[in-house]
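> the sequence and its predicted three-dimensional model are supplied below.
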Amino acid sequence: MRITTNKAIDRRTLLRGFGAALALPLLDSMIPARAAASARPIRLGFVYTPNGMIPKGWLPATEGAGFEITPTMRPLAPFREQMLVVSNLSLHTADALGDGGGDHARAGATWLTGVHPKKTEGAEIRAGISADQIAARELGKQTQFASLELGIEEPSFAGGCDSGYSCAYTNTISWRSATTPNPVQISPRVVFERLFGDGESTDPAARLKRMRQDRSILDYVNADVSRLEPQLGARDKRKLDEYLDSIRDIERRIQKAEQQTDANNTPRMERPVGIPPVFDDHVRLMSDLMVAAFQTDMTRVITFMFAREGSNRAFPEIGIPEGCHVVTHHQQDPEKIAKAQRVEEHRAKSFAYLVQRMQDTQDGDGSLLDHTLLLYGAGIRDGNSHDHIDLPLALLGGKSAGIKGGRHLRSKAETPLSNLLITMLDRVGVPVERLGDSTGKVEQLAGV
Amino acid sequence: MLDLGRRSRHAVLWVVAATASAAPIFAQNAALFRQYCAGCHNNKVNTAGLSFDGADPANVGGSAGFWEKVLQKLQTGQMPPAGLPKPTPEIRQATVRYLETELDRAAKLHPNPGSPTIHRLNRAEYSNAVRDLLALDIKPGNSLPPDDSGYGFDNIGDVLSMSPVLVERYLSVARQVARLAVGNPDVKPAIDVFDGLGEVRTGAKGQRAGRNDRLSKDLPFDSVGGLSFQYTFPVDGEYVFTIKTARPNSGFGETAPPVGLIFEQRVPVKAGVRHVGLTFMRSDALAETLPGAGRGGGGGRGGPAPPTAHLDLRLDGARLKLYDMPEGQRGREINELDIAGPYNVTGPGDSASRRRIFACRPSTAADEMPCARKILSTLSRQAFRRPVTAADLTPLMAFYEDGRKDGAFDDGIEAALRAMLVSPEFLFRIERDPASAAPGSVYRVSDLELASRLSFFLWSSAPDEELLTAAEHGKLKDSAVLLQQVSRMLDDPKSKAFVENFTGQWLLLRNIDQIKPDVEQFPAFDESLRRSFRRETESLFSYILRQNRPATELIDANYTFLDARLAEFYGIPGVYGSRFRRVELTDSNRGGLLGQGSILTATSYPTRTSVVLRGKWVLENLLGSPPPPPPPDVPALELHAKGRQLSVREAMEAHRANPVCASCHARMDPIGFALENYDGIGAWRKAENGAPIDASGKLPDGSQFNGPAGLKKLLLTGHRDEFVATFAEKLLTYALGRGVEAPDRPALRQIIRDADREKLTVAALIRAIVQSPPFQMRKTKQS
């Protein structure tokens, strides 16, 4: 008899759980033999922050190896040598281009797609496939999950999200296809259950039985959808294709899981319950899960939104009870600028926890951080002016992929962010010709 | 199907006759549009992407989308803009009438009811459909990822996508639902924790009383605070209730209060949904120190010792146990209540779900297959919302047999149920074009499809047996039957879903749950006030709907709905207890949506009011003319001038001196200022920072008003039509689950005209929507 304990969240307990259960023995047995024999895989992480960053708080004045740690990136100072600050990249596709207001929606929708989204409140939403999903299609062949999409903030519940744009554009940065946004998971419990099974099925035999049941249900659904499709028009078919596509994804995952269950290494750890109300607690819990997912090679691609774009979350815990969106529209008021900057530094501090965890996690011949390309930043430069040039961005880790940190790389003006994205894809072994508005690669990632 | 051939011949004659008489008007109109519009809206300048070059007012139907835009701008007086020459009101009126008539006529000739995309059930619809299918009210939709929304609502087929995450969750949730519904005695014990904040496995949510209130009508009159929730006990068995009280927070950076006392009680419970209550006794006179004192309160330290406290644990209203809280442990809160179980399972029990599912019980092995078939055909008919065929049943029976092979009869049913809940026929509302309909033609949807449209509109759920039967027999074509069904459905408690989901999104009430007013600025705000806010708005809407009141009472009702907490907050005497009741208002400021804490809080920042947000909210949600977003890099508000500090009003007025800002702020700000007597959570105030509130305002059209009462009056005199049109459009959007487009505008006007004959009640609007072409018809896909 087993009891699922849905205890109130105690992060320390959870960490102990991870520490104990996800230590090395588990790791080794869960790595597919091929991968273990050679080098560890390179993972991709994209961490998005909303509403831009106060430029003078973020952007280092000095280029190259001698760059200074600026106030907003102070929490990342311990990782200076693994950090490549990349400046002067732009998201021109997030500009209005005749569509009027909606810079928040466009920032979120273009960040990883490089495609100007169709302005619509609902009918025929369209952006482009995102970089993480391009990677997921390839890297996902090796893992149970092609990708994870994590978040901290519930999607907006009511009303429009940004001047004539559907909330789909601000709720996620991950687009499975040009017309299918991926929903973001904000519940640590749900993420945990996806990765390690819900509490009633950690017994391998039971899990296997469950998977077989799921598979036969998916077969049934598959047949049913195929029976329906001929009767429908193109738009309806597209919706059902999303369903079929999802089914295939899960079937593939079940197959992977079946191959791996003999390892019997489902972690014995406490299942998180609830969603921590405080930002930093929530980020840390999700970061723990992110590290666990990478470490056990359940997936190699994760996007993580620190908030939906345009978020007006308040941070009373650091003395900023007004919303963070309000303070970024500072109108040059020094007090608001200072507050916005404090929120941004606070976010960087939460992000630093993830980086620290990755650095502390042994992975093959180095750390998990060495084997992960982690992009951190925003789709807006300055929340006050809503512009999309010279975005605040930094690449962490990636030593094994040849990324040379400890530098501030200032690219040529007008370089699209998508150039960096395809370079990252290149580094994880998923070369693509183009992504959205990309014009080429950012060749200097490996150093001068 | 419509007999379009005969109708259109008839209509052509009619149009020819009408056009002849209209000729002088449109000749005149052509000159008018050249004179007043084409200066900015031409192919060269192309302001707002609208050009009158080549526009032919004699053939309005030929470019209906364009003319609908023109009509709307003329109707609301937004164009021509302030400062430019305008036609006389009479000419404007005549032009509006002409455009309306022509557009409506064209729409009659060539109706275009649109073709909504197949529609995945959203979270609320999924929860309700499961509840109605299996008599299991555990809101399983809460375990699914949140839905995207469009056009302000989350039931828009176009944005309800599928993803691997979602399908995984469907599989997992279906498993839990099927197990709970069937009452599988093999169910593993689990612990669910209710702390009033977090989510739990069953999706139920505990509620925590914020102040000295009786939490629920299910709890004794003399109870105060605590927890109250519905809990589904999956089988007959023993369950352990564990109560953990909170020690006062040490104040040293702890985020959760440490655990104080722990009480345990193990009791046998019969399967089914039961009410669990855990509460303090009011007689303990702890009201002042107990829950209101908050976590840091500590209670009574240094003061005279209050009497012993009692904690009362109840199941379905009957006391399970009364606990003494010993001396020295007073002034505590309940930290959490855990329910663990089942242990020593005695059987699946006789739950409502089992009664619903097991329409028969096989007594011999030979009975099993026919009984399973009977059960599954009944359930799948409900789940798929249509009569089922052998093709539907065969795969479900295969699941049954598979489950039966490894277990008992019930296991077979559970296996089939698991599959049924993931079927596209359950998860999607699918409308099929009849094979006989030509591409691009217009037809009436089948009665079964109409039944689903109706039930998802009014119940956010599947049709019940009565509606399904009526549809199956083709009765819904008879408008008397249809209207009788509408009125029955509105009377059904399930229509609460319509009130909650529609108002929750139209009025942005759902956002209230996420808003965190600053505790320093607004110490009066707490969870119980948050709940009462929502309840007040929903109660008003529900009353207006059910009592056949006009929609305009949403603005100017001279009554509202209060419990003691809210009445105290508003400063209205004579309301006691936690029951919401209708209260006549003497203060003309408070009645209607604009005087409600819910909306006033949802349109404020956490630390202060925002005249801009409030003004924008009124323009967008009540008047249907949202201002465009601010241009980037707006200049700072000058808070100093003439050597002194300016008030916000003065600064905003200076800001409006900039013509770029003025075009929108001149509309938003005066509305927001009229509501400045309400603070950031809706409490009445006469002054802010020592300066008296000036709630007077003047709109660009010159109309002047003062305070909430003045604003409400203005809305319902000068802007009544805009309010009605906006409200009707929001209703229609929600009803159709898609955006209202230009081809729907004539239908929208007809809906309003129809409802206007019945005093424009909300119920009449709903009836008119249900009878309108976009709700009843569909255009086939162009292949």
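Now that the structure is in, tell me what you want to look at. Everything numeric in this text was worked out from a predicted model, so none of it was measured.
> how deep is residue 277 tucked in, by neighbour count?
With no chain named, the answer covers chain A. When neighbours are defined as other C-beta atoms under 10 Å in any protein chain shown, A:Pro277 has 14 of them. (Each C-beta comes from the backbone N, C-alpha and C, glycine too.)
> that's the other chain; I wanted chain B
Number of residues near B:Gly277 (other C-beta under 10 Å) recorded here: 24.
> hang on, isn't it packed against B:Ala318?
No - between B:Gly277 and B:Ala318 there is no contact under C-beta atoms under 8 Å: 10.0 Å.
> who's in contact with residue 321?
With no chain named, the answer covers chain A. Neighbour list for A:Pro321: A:314-315, B:516, B:518-521, B:606-607 [criterion: C-beta atoms under 8 Å, 6 or more residues apart in numbering or on different chains].
> wait, chain B
Contact analysis of B:Lys321 by C-beta under 8 Å, 6+ apart lists B:263, B:265, B:313.
> let's see that with 10 Å instead.
B:241, B:243, B:263-265, B:267, B:311-315 (C-beta atoms under 10 Å, 6 or more residues apart in numbering or on different chains).
> just give the number of residues close to A:Lys441.
Residues lying near A:Lys441 (other C-beta under 10 Å) number 17.
> assumed B:Phe241 was part of a strand.
Yes - B:Phe241 sits within a strand when classified using DSSP: H, G, I helix; E, B strand; the rest coil.
> specify the beta-bridge partners of it.
B:Gln265, B:Ile339 (DSSP bridges).
> could you check the pLDDT of it?
Listed pLDDT for B:Phe241 reads 91.
> my guess is it meets B:Ile339, correct?
Yes - counting by C-beta atoms under 10 Å, B:Phe241 does reach B:Ile339; the two are 5.9 Å apart.
> isn't B:Ile769 up against B:Phe502?
No - look at B:Ile769 against B:Phe502 with C-beta under 10 Å: they stay out of range, at 11.9 Å.
> which SSE is the residue nearest the centre of chain A in?
The centroid of chain A falls nearest to A:Thr303 when counting by C-alpha atoms, centre = their mean (1.1 Å). Using DSSP states H and E, A:Thr303 falls within strand A:301-305.
> and that strand, what does it pack onto?
With contacts taken as 3 or more C-beta pairs under 10 Å, 6 or more residues apart in numbering or on different chains; DSSP states H and E, strand A:301-305 sits against strand A:43-48, helix A:131-139, strand A:148-151, helix A:279-295, strand A:372-377.
> C-alpha coordinates for it, PDB please?
Extracted C-alpha coordinates of strand A:301-305, given in PDB (Å, rounded to 0.1, in the frame of the first residue of the first chain):
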ATOM      1  CA  VAL A 301      14.400  21.100 -24.900                       C
ATOM      2  CA  ILE A 302      12.600  23.400 -22.400                       C
ATOM      3  CA  THR A 303      11.100  26.800 -22.600                       C
ATOM      4  CA  PHE A 304      10.400  28.600 -19.400                       C
ATOM      5  CA  MET A 305       8.400  31.800 -19.200                       C
END
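> any idea of the angle that strand forms with helix A:131-139?
Interaxial angle, strand A:301-305 versus helix A:131-139 (axes from the mean of the first three to the mean of the last three C-alpha atoms, to 10 degrees): 160 degrees.
> ok, whatever helix or strand comes next after strand A:301-305: who's next to it in the sheet?
Heading C-terminal from strand A:301-305, the first helix or strand you meet, by DSSP H and E, is strand A:314-315. Strands adjacent to strand A:314-315 in the sheet, as given by DSSP bridges, are strand A:320-323 (antiparallel).
> next structured bit after the partner strand?
With secondary structure assigned by DSSP H and E, strand A:320-323 is succeeded by helix A:324-328.
> that next one and chain B in contact?
Yes - interface with chain B: helix A:324-328 contributes A:325-326 (C-beta under 10 Å from any C-beta of the partner chain).
> and that helix, C-alpha only, in PDB?
Only the C-alpha atoms of helix A:324-328 are listed here, as PDB (Å, rounded to 0.1, in the frame of the first residue of the first chain):
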ATOM      1  CA  CYS A 324       5.700  45.200 -12.800                       C
ATOM      2  CA  HIS A 325       4.100  46.400 -16.100                       C
ATOM      3  CA  VAL A 326       3.100  49.700 -14.500                       C
ATOM      4  CA  VAL A 327       6.700  50.400 -13.300                       C
ATOM      5  CA  THR A 328       8.200  49.600 -16.700                       C
END
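> could you pull up the residues touching A:Gly440?
With C-beta under 10 Å, 6+ apart, A:Gly440 has these contacts: A:415-416, A:418-419, A:422-423, A:434.
> now render those residues as JSON lines, adding pLDDT and secondary structure.
Listed next are the contacts of A:Gly440 as JSON lines, based on pLDDT from 0 to 100; DSSP: H, G, I helix; E, B strand; the rest coil:
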{"residue": "A:Thr415", "pLDDT": "94", "secondary structure": "strand"}
{"residue": "A:Pro416", "pLDDT": "96", "secondary structure": "strand"}
{"residue": "A:Ser418", "pLDDT": "96", "secondary structure": "helix"}
{"residue": "A:Asn419", "pLDDT": "96", "secondary structure": "helix"}
{"residue": "A:Ile422", "pLDDT": "95", "secondary structure": "helix"}
{"residue": "A:Thr423", "pLDDT": "95", "secondary structure": "helix"}
{"residue": "A:Arg434", "pLDDT": "93", "secondary structure": "coil"}
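> sweet, I'm off.
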